[in-house]
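Chemist: Dropping the sequence and predicted coords here.
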Amino acid sequence: MLDARTIDTLFPADLPEPAHWEQRYPPRDLPAGAQVTRLAPSPTGFVHIGGIYAGLINRAVAHHTGGRYLVRIEDTDQSRQVEGAIEQFNRAFDYFGLPADTTTAVGDYGPYLQSARQEIYLGYVRALLRAGHAYLCFATQQELADIRRRQEGAKVPTGYYGDWAIWRDADPGDISAELAKGAPYVVRFRSPASQGARRAFTDAIRGRLEHDDNRNDVVILKSSDNALRLPTYHFAHVVDDHLMRVNLVIRGEEWISSVPVHLQLFEALGFEPPVYAHIAPLMKQIQGGKRKLSKRKDPESTVDFYLSEGYPAEPVLYYLRGLANGRLAELLPAEALLEPIRLEECGVAGPLVDLVKLEGISADHIATLSSEQILTAVREWALSYDPDLVPVLDAERVLALAAVDVERVGVDNPRKDLRKWSDFRDAYGFFFPELFTLVAAGDERLGGLDEDLVRAFAKDFAAQYEELDDPQAWFDQIRTLAAEHGFAATPKEFKKNPDAYPGSIREASQLIRVALTGSTRSPDLFAVARTLGRTEVLRRVGGLIA
């Protein structure tokens, strides 16, 4: 073990002692039982929808208990950092209404960017070295690879531990010699666990868990040849959770195996450990079973999918809360969004993400909004994801409002074909002349009707068309014209003698429907025609004549 004087030479002379940070970040003045939680994404990739899921649980639990919710960016792995990831985090959290109680840059217990906390970590690493809980390791990559090969040959667990930890109990003279040569080193934690030791802890979701204790001498400070001396994730998160006074760590179940080493670090540093709660991952139904939602395989796993598709935040949050606690899915959204999330009700089997169900929830939500609210939201979405739609909405605001009102205002069961904002073009785009392509007589959507018949029918319709107020009287124009052109009065008549007619009243009305909307399915044809207005109706029917 190195003497304290040698250890101190490895660090800046003015490096504050741990006592300085304990005073700088005192225990929080919060009510009894208040939970301080944190979400700790790494900018090595864009945030997964599971990050929003974890964030809403963390935030809900903290706020329900009168605590605090933090977002801490764990960017100690600088080599793998993805450009724009932090901006995407902020965009996602803002969209879903999950901002931290303080910003990532400043705050009473900040900064919340780990790369800005280097001085803090170094002070605690030095303290562990002085206490003999950590040591310098000069093992090269080649030596580490050789150790692994020999362990595999001996059929023993791989890792840097016990007799395999070649610098664990090195002679101080050998260490000093390496330092004199300027050899690079890392700082490793000296694991206190003996072979075969077990460690138990209580998980707030899963109850009592027991695992093999950690016996690896994990790296806690990265190589000295790096210009920016940063700790590893294991060490940084322990120091930060302590100084930020986090007392409840809610995170994914993939971190359960790391709990033993984390508890060892808390003990070595003399810190009170937080309570851990490990949530099950979001899953996807596949043939024959289910699997974790994958960033590589599943577009719906990424937050940007929900933003680019234009899912409103409220139904997504309502749906995710229902996945966390099943009872919330049985409540109305407005009520469910205010109810607490209870950790004891979080299951240990990963909940399934069902986009069909989410779209149904989203459609129900959108159906409750006013036309003004819908258009405002669509325009805001389109600014980023469909910019060509924006000038159309701006120029045709009155038409847009009238279009959205069709079969939504004054009806018992409003239309629900708008499930997300990206559906707007398909659901309402045909109302706008700028977005509509005229239909020709030979179009396949007309069901194979003879082109000459289509032209003749359209020509007569245009010549006789009246913009009537009564829906039945308006439709009688099509009915009368259909009889004149030999269409059967009912589908049943046509079915009895198909060779006698070109079609029925259904095919005749479809002819006008396709001409006006470009689709064989549309809202009420009378309402569509009234919204378009006489001039536009005649222009579109004229496309069949040309």
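Modeler: Nice, I can see it.
Chemist: what distance separates stretch 205-216 from the middle of the whole chain?
Modeler: Centroid displacement of stretch 205-216 relative to its chain, using CA atoms, centre = their mean, to the nearest Å, is 29 Å.
Chemist: which parts of the helix or strand of the chain with the lowest mean pLDDT are buried?
Modeler: Lowest by mean pLDDT, DSSP states H and E among the helices and strands of the chain is helix 85-95, with a mean of 88. Neighbour counts over helix 85-95 (16 or more other CB atoms under 10 Å) mark 85-86, 88-93, 95 as buried. Any C-beta I mention is one placed from the backbone N, CA and C, and that applies to glycine too.
Chemist: can I get those in JSON lines with distance to residue 365?
Modeler: Below are the buried residues of helix 85-95 laid out as JSON lines (distance: CB to CB, whole Å):
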{"residue": "85", "distance to residue 365": "29"}
{"residue": "86", "distance to residue 365": "30"}
{"residue": "88", "distance to residue 365": "25"}
{"residue": "89", "distance to residue 365": "25"}
{"residue": "90", "distance to residue 365": "24"}
{"residue": "91", "distance to residue 365": "21"}
{"residue": "92", "distance to residue 365": "19"}
{"residue": "93", "distance to residue 365": "20"}
{"residue": "95", "distance to residue 365": "15"}
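Chemist: wait, which of those is closest to residue 113?
Modeler: residue 86 (8.3 Å; CB to CB).
Chemist: Was I right to think that closest one contacts residue 44?
Modeler: No. Contact criterion CB atoms under 8 Å: residue 86 and residue 44 do not qualify, at 11.0 Å.
Chemist: I'd like to know which elements the least confident helix or strand of the chain is packed against.
Modeler: Applying 3 or more CB pairs under 8 Å, 6 or more residues apart in numbering; DSSP states H and E, one finds that helix 85-95 contacts helix 49-64, helix 303-309.
Chemist: from the ones you listed, which stretch is densest packed?
Modeler: helix 49-64 (a mean of 23; mean count of other CB atoms under 10 Å).
Chemist: I'd like the next helix or strand past that helix.
Modeler: Next helix or strand after helix 49-64 toward the C-terminus (DSSP states H and E): strand 68-71.
Chemist: What lies in contact with that next one?
Modeler: 28, 30, 34, 36-41, 55, 58-59, 62-63, 89, 93, 99-102, 104, 109, 112, 244, 246 (CB atoms under 8 Å, 6 or more residues apart in numbering).
Chemist: show me where the stretch 301-450 of the chain has helices.
Modeler: Secondary structure of the stretch 301-450 of the chain, counting by DSSP state H, counting those that start in this stretch: helices at 303-309, 313-324, 333-336, 355-367, 371-385, 389-395, 397-405, 424-428.
Chemist: Pick the most buried one from the ones you listed.
Modeler: Burial of these is given as mean neighbour count (mean count of other CB under 10 Å); helix 313-324 ranks first at a mean of 21.
Chemist: got the angle between that helix and helix 355-367?
Modeler: Taking axes from the mean of the first three to the mean of the last three CA atoms, to 10 degrees, one finds helix 313-324 and helix 355-367 inclined to each other by 140 degrees.
Chemist: by contact count, what packs against helix 313-324?
Modeler: helix 49-64, helix 333-336, helix 355-367.
Chemist: Let me see the backbone angles for the residue nearest to residue 479 when sequence neighbours are not counted.
Modeler: Nearest non-adjacent residue to residue 479, counting by CB to CB, 6 or more residues apart in numbering: residue 505, 6.1 Å away. Here is the backbone geometry of residue 505 (degrees, to the nearest 10): phi -60, psi -30.
Chemist: Show me the contact partners of the helix or strand harbouring residue 539.
Modeler: Residue 539 belongs to helix 534-545 when assigned by DSSP H and E. The contact list for helix 534-545 (CB under 8 Å, 6+ apart) reads 433, 436, 438-441, 454-455, 457-459, 461-462, 465, 467, 511-512, 515-516, 529, 532.
Chemist: neighbours around residue 99, how many?
Modeler: A count of neighbours around residue 99, defined by other CB atoms under 10 Å, yields 14.
Chemist: can you start the count at 5 instead of 1 from here on
Modeler: Okay, using 5 as the starting number, the last item reads as residue 103.
Chemist: ok so it is a strand residue?
Modeler: No. Counting by DSSP: H, G, I helix; E, B strand; the rest coil, residue 103 falls outside a strand, being coil.
Chemist: Excluding chain neighbours, what is closest to it?
Modeler: In space, and not counting its chain neighbours, residue 103 is closest to residue 97: 5.7 Å by CB to CB, 6+ apart.
Chemist: Would you agree the one you found is in contact with residue 59?
Modeler: Yes. Residue 97 lies in contact with residue 59 (CB under 8 Å); the separation is 6.7 Å.
Chemist: who touches residue 63 in this structure?
Modeler: Applying CB under 8 Å, 6+ apart to residue 63 gives the contacts 41, 43, 73, 102.
Chemist: which of the residues you listed are buried?
Modeler: Among the contacts of residue 63, those classed as buried by 16+ other CB under 10 Å are 41, 43, 73, 102.
Chemist: The third one pairs with what?
Modeler: In this case it means residue 73. Residues in a beta bridge with residue 73, per DSSP bridges, are residue 41.
Chemist: Can you tell me how far it is from residue 173?
Modeler: 44 Å (CB to CB, to the nearest Å).
Chemist: Residue 359 - nearest residue in space that isn't next to it in sequence?
Modeler: Nearest in space to residue 359, with sequence neighbours left out and distances taken as CB to CB, 6+ apart, is residue 304 at 5.7 Å.
Chemist: how close does that neighbour get to residue 402?
Modeler: For residue 304, the distance to residue 402 equals 36 Å [CB to CB].
Chemist: Surely residue 187 is in contact with residue 142?
Modeler: Yes. Residue 187 lies in contact with residue 142 (CB under 8 Å); the separation is 5.2 Å.
Chemist: Looking at these two, which one has more neighbours?
Modeler: residue 142 (19 against 14).
Chemist: Tell me the confidence at the more buried one?
Modeler: On the pLDDT scale, residue 142 is placed at 97.
Chemist: so which of the helices and strands packed on helix 317-328 comes closest to residue 223?
Modeler: Evaluated over those, closeness to residue 223 peaks at helix 53-68, with 25.9 Å, by CB to CB.
Chemist: Can I get that closest one in CSV? Just the C-alpha atoms.
Modeler: Backbone C-alpha positions of helix 53-68 (Å, rounded to 0.1, in the frame of the first residue of the first chain) are rendered in CSV as follows:
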residue,chain,number,x,y,z
ILE,A,53,-39.3,4.8,-24.9
GLY,A,54,-38.3,2.7,-21.8
GLY,A,55,-36.4,5.9,-20.7
ILE,A,56,-39.7,7.8,-20.7
TYR,A,57,-41.4,4.9,-18.9
ALA,A,58,-38.7,5.0,-16.2
GLY,A,59,-38.8,8.8,-16.1
LEU,A,60,-42.5,9.0,-15.5
ILE,A,61,-42.3,6.4,-12.7
ASN,A,62,-39.4,8.2,-11.0
ARG,A,63,-41.1,11.6,-11.3
ALA,A,64,-44.5,10.3,-10.1
VAL,A,65,-43.0,8.6,-7.1
ALA,A,66,-40.9,11.6,-6.1
HIS,A,67,-43.6,14.2,-6.5
HIS,A,68,-46.3,12.0,-4.7
